[in-house]
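Peer 1: Sequence first, predicted coordinates after that:
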Amino acid sequence: MRGDSVEERRFKGPIRGQLIFALLFLALSILLISQLGDQTKWIKKTKFAAQPRLWPMIALAGMVFFTGLHLWRLPRRRILHVDLQEAKRWLQVIEYCLWFIAYVWVVPNLGYLISTLIFLPALAYRAGWLLIDISKIIWIGNQQWRIFSYNAPLSINCFSYISPS
């Protein structure tokens, strides 16, 4: 065994990050409940089930209640190093969202082609791909030019062009 407690061995599924996620989810739910009074209204002379505040209140109360139950049933009560590593992995996803937001902001200013030519190699390099040798880029460009100008049959990787004649 891994040396975990008996409770952790009985808990089905991965435990890493669950405490942090549940705490963040509980904090968000409580924040949303605190905003119900400002964001929704209780309208007079309206049926109970048709009140604009009712269903968001039920949903948020359920979020708080069931998150509290989840926290209560978790086998661990303290945040370990593996939990922090898992949270770091979650935050890395936000970086790619920021790349996309930056790209969407740059496209109207620089144009689609220039923005793509800037962001594609930058994002590929950030993802761990090595930049291609310039001679390979020239060769691929030359092959594309041959395809579209001479209609020469050519097969590159997974696509092929066959001359109609």
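Peer 2: On my side now, so go ahead.

Peer 1: And the longest helix seen in the chain, what does it pack against?
Peer 2: For the chain, the longest helix by residue count, based on DSSP state H, is helix 81-110. Using 3 or more Cβ pairs under 8 Å, 6 or more residues apart in numbering; DSSP states H and E, the elements in contact with helix 81-110 are helix 18-34, helix 112-126. Placement of C-beta: from N, CA and C, glycine included.

Peer 1: Next, work out how far apart His81 and Leu19 are.
Peer 2: Applying Cβ to Cβ, to the nearest Å, the value for His81 to Leu19 is 12 Å.

Peer 1: The two: who's more crowded?
Peer 2: Legend: neighbour count by other Cβ atoms under 10 Å for His81 and Leu19, higher for Leu19 (21 against 8).

Peer 1: hmm, who's touching the strand or helix carrying Leu60?
Peer 2: Element membership for Leu60 (DSSP states H and E) is helix 54-73. Helix 54-73 has contacts (Cβ atoms under 8 Å, 6 or more residues apart in numbering) with 18-19, 22-23, 25-26, 29-30, 32-33, 36, 39-40, 48.

Peer 1: One more: stretch 45-53?
Peer 2: Contact partners of stretch 45-53, identified using Cβ under 8 Å, 6+ apart, comprise Leu36, Thr40, Lys41, Trp42, Ile43, Leu54.

Peer 1: Among these, which are located in helices?
Peer 2: Leu36, Leu54.

Peer 1: So for stretch 112-121, could I get the coordinates as PDB, restricted to C-alpha?
Peer 2: The C-alpha coordinates for stretch 112-121 follow below in PDB (Å, rounded to 0.1, in the frame of the first residue of the first chain):
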ATOM      1  CA  TYR A 112      -5.300  37.800 -39.300                       C
ATOM      2  CA  LEU A 113      -2.200  36.700 -41.300                       C
ATOM      3  CA  ILE A 114       0.400  38.600 -39.300                       C
ATOM      4  CA  SER A 115      -1.200  37.700 -36.000                       C
ATOM      5  CA  THR A 116      -1.300  34.000 -36.900                       C
ATOM      6  CA  LEU A 117       2.300  34.100 -38.100                       C
ATOM      7  CA  ILE A 118       3.300  35.600 -34.800                       C
ATOM      8  CA  PHE A 119       1.200  33.500 -32.400                       C
ATOM      9  CA  LEU A 120       1.500  30.100 -34.100                       C
ATOM     10  CA  PRO A 121       5.300  29.800 -33.700                       C
END
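
Peer 1: Please parse the protein into its domains.
Peer 2: Split into domains by automatic domain parsing, the chain comes to 1-79, 92-129, 132-165.
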